[in-house]
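# following is a predicted model, sequence given first.
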Amino acid sequence: MHELSIAMSILDMAEEEAGRRSAEVDAIHIKLGALSGIVKEALLSAYDLARTETTLPDAQLIIEEVPVMIFCPRCQAPRSVPSIQQLSCSECETPSYEILQGRELQVVALELRS
Amino acid sequence: MNSSPRILEVRKNILKQNDEIARALRNRFEKAGVFVVNLVSSPGSGKTAFLESTLTKMRGDFRVAALVGDLATENDAVRLARSQVPVRQIITGTVCHLEAAMIERNLTDWNLNELDFLFIENVGNLVCPSSYDLGENLRVVLMSVTEGEDKPLKYPTIVNSADVAVITKTDLADAVEFDWPAASKNLQAVRPGIEILRVSAKTGNGMEEWLRFVATQRARVCPAQDVVEHV
């Protein structure tokens, strides 16, 4: 439901960076963690709506989805999890709340054209 | 001018603005010695009844206040005013969650040094509030027995972001055949290690444990001499 305000924040950031460099934006790359609370499809449609109101109506949004990784206290290693409904080691099933990745909601790069 | 495309690395959190305001708020809260609790839940989980009971029971021992988020009405603030502590309504309009800036705006004329606890009742919504740090010390997710044991599995993100789970309306647990082991298992699956408390704001069952819990949490971060106890 708050994807529209997230989309607008992404566009604001891109507009600011591009404006500073007098460049056009071809694409915006973001990282979206599985625990970010943002739904990819909803964000894409909100973004399509939001960008028409900006100076970057042609900038593509490229989303890299980041799965959850935990640190398993038993394996003493980073591990994936079966799902975001089950935060436990995919190898030994030990639960862990030491989340190494999966909360990202980050603009990582812009494709610019001067 | 070079017209070939190039990649500019940015690495900026999309919620950076909110996170920065939240960080500033957290510093202010810490300096003032006020412990801040953010209550999140679905609509109708009993947040307001729980908060009213909490404020009423705490006000003898601590200086407490509340900020209450709601999409459209002031009904919650009117109910909470019965607890006779400072309460302010934040009407968010179409915004489905509270943001740090809304908290900041609504605190301008409150002297935080005169508070021990500030409770923030978020908008009833199990999705959006999870992304927004309000500068709180403790995030409490409430879940009523009437909502069903699988709620944590349906909304893992918000439960995952919480520090403690409070199961409300326990007086109705038998009537709805609430499955306690399943509820606990589901909460632990999405948020390993989470503490689970059981309360009924109606009968008062479990409220003492909750009040003790929240006082202990405050004592961990706020120096004891800051607590003014009225005997």
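Sure thing, it's come through.

# any weak-confidence spans in chain A?
Counting by pLDDT under 70, chain A contains low-confidence ranges at A:1.

# so is the most centrally placed residue in it in a helix, a strand, or just coil?
The geometric centre of chain A, computed from its C-alpha atoms, lies nearest to A:Leu32 (CA atoms, centre = their mean), at 2.0 Å. Secondary structure for A:Leu32, judged by DSSP: H, G, I helix; E, B strand; the rest coil, is strand.

# tell me the contacts of the one residue in chain A that gets nearest to chain B?
Taking CB to the nearest CB as the measure, the point where chain A comes nearest chain B is A:Pro95, at 3.7 Å. Quick note: C-beta positions are derived from backbone N, CA and C, even for glycine. With contacts defined as CB atoms under 8 Å, 6 or more residues apart in numbering or on different chains, the neighbours of A:Pro95 are A:Leu87, A:Ser88, A:Cys89, B:Gln188, B:Ala189, B:Pro192, B:Gly193.

# select only the buried ones of the residues you listed in ChimeraX?
Paste this into ChimeraX to select the buried members of the contacts of A:Pro95, with burial taken from 16 or more other CB atoms under 10 Å in any protein chain shown:
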select /A:87,88,89 /B:188,189,192
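
# the longest helix in chain A is where?
With residue count as the measure and DSSP state H as the assignment, chain A has helix A:3-20 as its longest helix.

# in that one, what's buried?
Residues A:3-11, A:13-15, A:17-18 are the ones in helix A:3-20 that count as buried (16+ other CB under 10 Å).

# near chain B, list only the ones from these.
If you filter those for contact with chain B, counting by CB under 8 Å from any CB of the partner chain, you are left with A:Ser5, A:Ile6, A:Ser9, A:Ile10, A:Met13, A:Glu17.

# wait, which of those residues is closest to B:Ala66?
Within the set of these, A:Ser5 lies nearest B:Ala66; the separation is 25.1 Å, counting by CB to CB.

# measure the closest one to A:Leu61 for me?
15 Å (CB to CB, to the nearest Å).

# next, count neighbours for the residue nearest to B:Thr73 when sequence neighbours are not counted.
For B:Thr73, ignoring the flanking residues on the chain, the nearest one in space by CB to CB, 6 or more residues apart in numbering or on different chains is B:Ile91 at 7.7 Å. Residues near B:Ile91, counting by other CB atoms under 10 Å in any protein chain shown, number 15.

# and if you look at the one 5 residues further on?
Neighbourhood size, B:Cys96 [other CB under 10 Å]: 18.

# right, and it touches B:Gly124 too?
No: contact criterion CB atoms under 8 Å: B:Cys96 and B:Gly124 do not qualify, at 9.4 Å.

# so which residues on chain B come close to chain A?
Proximity of chain B to chain A, by CB under 8 Å from any CB, involves residues B:1-15, B:17, B:95-97, B:125, B:127-128, B:130-131, B:152-153, B:156-158, B:160-161, B:188-193.
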